[in-house]
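Undergrad: sequence plus the predicted model coming up.
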Amino acid sequence: MAMRLSGLMSGMDTESIIQQLVAAKQTKVDNTKKAQTKLGWKQDAWKSLNTKLKNLQSKYLSNMRFTDAYSKKTTKVSNPNAVSVITGEDAMNGVQTLKIDRLAKTSYLTGGTVKSDSGEKVTAMTKLGDLGVTAAGTFSVTDNDNNSVANIQVDENTTISDVLTQLKSAGLNANFDENNQRFFISAKESGAASNFKLTSNDAAGADALEALGLVADADGKNGYNKIDGQDAVIYLNGAKFESKDNTFSINGLTFTALDATQEEITVTTQQDTDGIYDMVKNFLKEYNAIINEMDKLYNADSAKGYEPLTTEEKDALSDSEIEEYEKKIKDALLRRDENLSSISSTMRAAMSGGIEVGGKTLYLHDFGIETLGYFEAQDNERNAYHIAGDPDDADTSGDPDKLKSMIANDPDTVISFFTKLSQNLYDKMSDMSSSVKGYRSFGSFYDDKKMKSDYDDYTTKIKEQEQKLNDYEDKWYKKFAAMETALAKMQSGASAVTSLLGGS
């Protein structure tokens, strides 16, 4: 960079003069920066819209193009306190009768109070010898058919903890409550098949069971209690069904018995009309939001004459003034955009087109779904769809609810129509977001690759222009520096001559 001297000798404002000389080139740099800034804003606008379009396609259309998405059924029962029902896809529509004869039980043993010979509190480390057991023996854990499952080995040195360990190894839940001085033992599963018993194999085993409170004493006052496991039993349409755990899976329905009752419970399975209605309604809400936004972007007011501000221009404005100014430009970035128009037109055509169902060509209006009249709709909302009778829609809430009625009376036609409509729109959107070499990435509805390339080109161009600007400035600074040097030499020479001539 050349030495930049001010006009000391000439008295000229060289800085100002040079800035005027290079102003044209500075304008070129500024204009390129403004173009890049505007392109960056345009990329952001498209990224936001692209996300919404992809969300519509993946969240709604991707599912709604398959009939399984609509195959939702619901089951209501006349006594929800007695039974709950989960409805599967294969459940048959219809009305059934149900009786809950009994609930499943888990085999459970509450032991009698355990007492030590010394009267001290029994703990997990208490030995059976302290409870009066004096010999080695065994008792068995047997199943519902009296078959031995495991033998519990005991002697005077066996601790309460040892007994618990062996019971757990035999497949039981077992605990000794030191506060209440009792054993609590249960099967790990409910149902008759999991029932268990504790049976002595010898005299020592019998003594151990008695000492541990695991059998009823002679007078029945030790608090021992045994509940046998049993299966739940229900009658569905008169047919008997049994289950070990109160849950029954029958013909696409999963019943969970909650209370035994001999009353006849009505079970009604039908198409989930609310679910299908909500699916269509939520889809249209998302579609409307996007189509309205695209119309607003396309029809935006012109921002002709507005360009991004330079740093110097921003310095002269307040933050609110800058924000308002830039908003004017950003709102108009996609005004009359051809790609935006193409996407909007394609989507509107797919939505308004006819769909063949059962030999008939049907349209959205056949289901009570239409756009409002030109003068009824708000600006940029004339392509949005409204459902007749929708309680959340002020424009159509008072109209007959044709969609809900058709779902209830002819769900197959509704499902077929929206499945095909969704597939059509899904395919159109897939085509519009397919990859184009050098221009568009897969899944992008705009030329993201081309825009990035153009943005990078601007970066390169700005560097080149700034370098030329610096070189041009340096050239002029050199010229003015040379002039100042020459003037200085001339003044120095004149002073010398004056001195020789005797000047003062």
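TA: Sure, I can see it.
Undergrad: list the buried residues in stretch 338-351.
TA: Within stretch 338-351, the residues that qualify as buried are Leu340, Ile343, Ser344, Met347, Arg348, Ala350, Met351, counting by 16 or more other CB atoms under 10 Å. Every residue, glycine included, has its C-beta placed from N, CA and C.
Undergrad: what about the residues you listed, which are in strands?
TA: When DSSP state E defines the strands, the subset of the buried residues of stretch 338-351 inside them is empty.
Undergrad: okay if I get these as a markdown table plus distance to Tyr446 and pLDDT?
TA: Rendered in a markdown table, the data for the buried residues of stretch 338-351 read as follows (distance: CB to CB, whole Å; pLDDT from 0 to 100):
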| residue | distance to Tyr446 | pLDDT |
| --- | --- | --- |
| Leu340 | 8 | 97 |
| Ile343 | 9 | 97 |
| Ser344 | 13 | 97 |
| Met347 | 15 | 97 |
| Arg348 | 18 | 97 |
| Ala350 | 19 | 97 |
| Met351 | 21 | 97 |
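Undergrad: just those: which are in helices?
TA: Assigned to helices by DSSP state H, the following of those qualify: Leu340, Ile343, Ser344, Met347, Arg348, Ala350, Met351.
Undergrad: let's have the buried residues of stretch 338-351 in a markdown table, adding distance to Phe196.
TA: Conversion of the buried residues of stretch 338-351 to a markdown table gives the following (distance: CB to CB, whole Å):
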| residue | distance to Phe196 |
| --- | --- |
| Leu340 | 74 |
| Ile343 | 70 |
| Ser344 | 72 |
| Met347 | 67 |
| Arg348 | 70 |
| Ala350 | 66 |
| Met351 | 65 |
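Undergrad: Phe375: which of the residues you listed is nearest?
TA: Of all the buried residues of stretch 338-351, Arg348 has the smallest distance to Phe375: 19.3 Å, by CB to CB.
Undergrad: need the contact list for the closest one.
TA: Ile291, Asn383 (CB atoms under 8 Å, 6 or more residues apart in numbering).
Undergrad: measure it to Asn288 for me?
TA: Summarising the geometry, the distance separating Arg348 from Asn288, computed by CB to CB, to the nearest Å, is 12 Å.
Undergrad: so who does Asn237 touch?
TA: With CB under 8 Å, 6+ apart as the criterion, the residues that contact Asn237 are Gln96, Thr97.
Undergrad: again, but for Ala384
TA: If you count contacts by CB under 8 Å, 6+ apart, Ala384 has them with Asn288, Ile291, Asn292, Thr371, Leu372, Ala377.
Undergrad: try it again with 10 Å
TA: Shown in contact with Ala384 (CB atoms under 10 Å, 6 or more residues apart in numbering): 284-285, 287-292, 295, 371-372, 377-378, 395.
Undergrad: who wins for neighbours among these?
TA: Counting neighbours by other CB atoms under 10 Å, the top entry in the contacts of Ala384 is Ile291, with 23 neighbours.
Undergrad: for the buried residues of stretch 338-351, which one is nearest His386?
TA: Closest to His386, out of all of the buried residues of stretch 338-351 and judged by CB to CB, is Met351, at 12.8 Å.
Undergrad: confirm for me that the closest one is in contact with Phe418.
TA: No - using CB atoms under 10 Å, Met351 is not in contact with Phe418, being 11.2 Å away.
Undergrad: identify the contacts common to those two.
TA: The contact lists of Met351 and Phe418 share Leu364, where a contact means CB under 10 Å, 6+ apart.
Undergrad: where along the stretch 51-200 of the chain do the helices fall?
TA: With DSSP state H, counting those that start in this stretch applied, the stretch 51-200 of the chain shows helices at 62-64, 160-169, listed in chain order.
Undergrad: who's in contact with the closest residue to Val85 other than its chain neighbours?
TA: In space, not counting the residues next to it along the chain, Val85 is nearest to Thr75; the distance is 4.4 Å by CB to CB, 6 or more residues apart in numbering. Residues in contact with Thr75 (CB under 10 Å, 6+ apart) are 84-88, 91, 93, 96, 252-255, 267-270, 272.
Undergrad: now the buried members of those.
TA: Val85, Thr87, Ala91, Gln96, Leu253, Phe255, Val267, Thr269, Gln270, Asp272.
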